[in-house]
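[1] need coordinates for the below:
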Amino acid sequence: MSAAASSALHTDRYELTMLDAALRTGRADVPATFEVFSRRLPAGRPAGVFAGLGRILEAIGRFRFGAEELAWLDGLGFLSPEALAWLARFRFSGSVDAYREGEWYAAGSPVLTVTGTFGEAVLLETLLLSILNFDSAVASAASLLVAAAGDRPIIEMGSRRTDPDAAVAAARAAYLGGFASTSNLEAGRRYGIPTAGTAAHSFVLAYPSEQEAFAAQLAAMGPGTTLLVDTFDVETGIRRAVEAAGTGLGGVRIDSGDLPAETRRARKLLDELGATAT
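    This next block holds a predicted model:
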């Protein structure tokens with residue numbers, strides 16, 4: 001999606017039918033305040049992490065009904081000419097007050113408040129909830145992982161498991177939740193998040209042997225890189241990785257098997273091989 005694309009149709013139809021009815025009865029211009037809050041949090045979570053405000057402000061700036069959007073709405077036939085004319089002039093003139101992104105929030109606490117007229121505030125409802133529900137959920141989950149990891153950095157690599165636009169939003173939210181970096185380059189370009197990544201199993205399989213694949217990666221990225229060691233056999237892969245890079249190898253990666261057990265075995269073997277900082 002283009003950064004300049006309108007966000008006006010990222011909403012539910014009933015927001016516009018309410019607007020139309022309110023315009024007919026003179027209620028669209030009455031002052032209104034909308035509050036966004038969580039009724040409850042998942043069991044065992046005393047608080048959540050607020051995220052999405054930056055995306056919301058950018059989306060409000062793009063909330064415009066241009067000729068293309070208005071023509072499509074007109075074709076549906078459910079809005080009055082007066083409502084279509086009102087939408088053509090729409091510019092949000094109210095205010096948004098919110099928690100800072102990355103702050104903790106409790107159930108029942110208004111994390112974001114929109115003040116304006118009923119007509120202009122109700123139009124934003126779906127869009128704001130869509131962004132906040134997604135971003136805050138990802139940031140809150142990320143914070144739990146960060147707490148579990150202690151002082152070890154975590155990289156976000158979920159792009160291939162969701163929609164491309166959602167992947168960028170998720171990378172941003174995970175970073176707000178404490179992740180150190182992302183594999184998603186668009187998230188890095190758009191939001192300045194540090195990016196990271198090395199190689200996949202296909203890279204290892206592209207070479208006649210695991211040793212040659214490791215040598216090629218080390219030649220390109222240096223000994224501080226992370227070598228993927230589970231393409232064939234984890235223990236053998238670790239031994240070959242240390243043999244190729246020396247005890248200064250940055251890291252090893254395991255993508256399969258019983259990860260808690262495999263990581264403990266990997267740590268023990270690395271220490272035995274002298275790669276105590278890997």
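[2] only C-alpha atoms from now on, for both contacts and neighbour counts.
    OK.
[3] quick check on D97: phi, psi?
    Torsion angles at D97 (phi, psi; degrees, to the nearest 10) stand at phi -120, psi 130.
[4] you'd agree it is up against L112?
    Yes - taking Cα atoms under 8 Å as the definition, D97 is a contact partner of L112 at 5.7 Å.
[5] the more surrounded of those two?
    L112 (18 against 13; other Cα atoms under 10 Å).
[6] residue contacts, that one?
    E35, V36, F37, V96, D97, A98, Y99 (Cα atoms under 8 Å, 6 or more residues apart in numbering).
[7] and Y105, by the same measure?
    A47, G48, V49, F50, V111.
[8] list the ones among the residues you listed that fall in strands.
    The strands, defined by DSSP state E, take in G48, V49 from the contacts of Y105.
[9] of the contacts of Y105, grab the buried ones for ChimeraX.
    Buried residues among those (16 or more other Cα atoms under 10 Å), as a ChimeraX selection:
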select :48,49,50,111
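[10] closest to A241 out of the contacts of Y105?
    V49 (38.7 Å; Cα to Cα).
[11] what separation is there between that closest one and S209?
    46 Å (Cα to Cα, to the nearest Å).
[12] ok, S130 next?
    Applying Cα to Cα to S130 and S209 gives a distance of 48 Å.
[13] the two: who's more crowded?
    S130 (14 against 10).
[14] what's the first helix or strand after the strand or helix carrying the more buried one?
    Taking DSSP states H and E as the criterion, S130 maps to helix 118-149. Heading C-terminal from helix 118-149, the first helix or strand you meet, by DSSP H and E, is strand 155-156.
[15] so what does that next one touch, helix or strand wise?
    In this structure, strand 155-156 packs against helix 164-176, strand 181-182, with contacts taken as 3 or more Cα pairs under 8 Å, 6 or more residues apart in numbering; DSSP states H and E.
[16] any chance of the ones you listed in CSV, plus mean pLDDT and mean neighbour count?
    As requested, the helices and strands packed on strand 155-156 are arranged in CSV below (pLDDT from 0 to 100; neighbours: other Cα atoms under 10 Å):
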stretch, mean pLDDT, mean neighbour count
helix 164-176, 97, 23
strand 181-182, 98, 24
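[17] so which of those is nearest G66?
    Nearest of the helices and strands packed on strand 155-156 (Cα to Cα): helix 164-176, 22.1 Å.
[18] rewinding a little: and L228, which of the helices and strands packed on strand 155-156 is closest to it?
    Of the helices and strands packed on strand 155-156, nearest to L228 by Cα to Cα is strand 181-182, at 17.6 Å.
[19] what's that closest one in contact with?
    Contacts of strand 181-182 (Cα under 8 Å, 6+ apart): I154, I155, E156, M157, A171, Y175, G188, I193, P194, T195, A196.
[20] can you list the buried residues in the following helix or strand past that strand?
    Next along the chain after strand 181-182, taking DSSP H and E as the criterion, comes helix 185-191. Within helix 185-191, the residues scored as buried using 16+ other Cα under 10 Å are L185, E186, A187, G188.
[21] so what's the residue nearest the centre of the chain up against?
    Central residue of the chain (Cα atoms, centre = their mean): A170, 1.1 Å from the mean position. Neighbour list for A170: F134, D135, V138, G158 [criterion: Cα under 8 Å, 6+ apart].
[22] tell me the pLDDT of S2.
    On the pLDDT scale, S2 is placed at 46.
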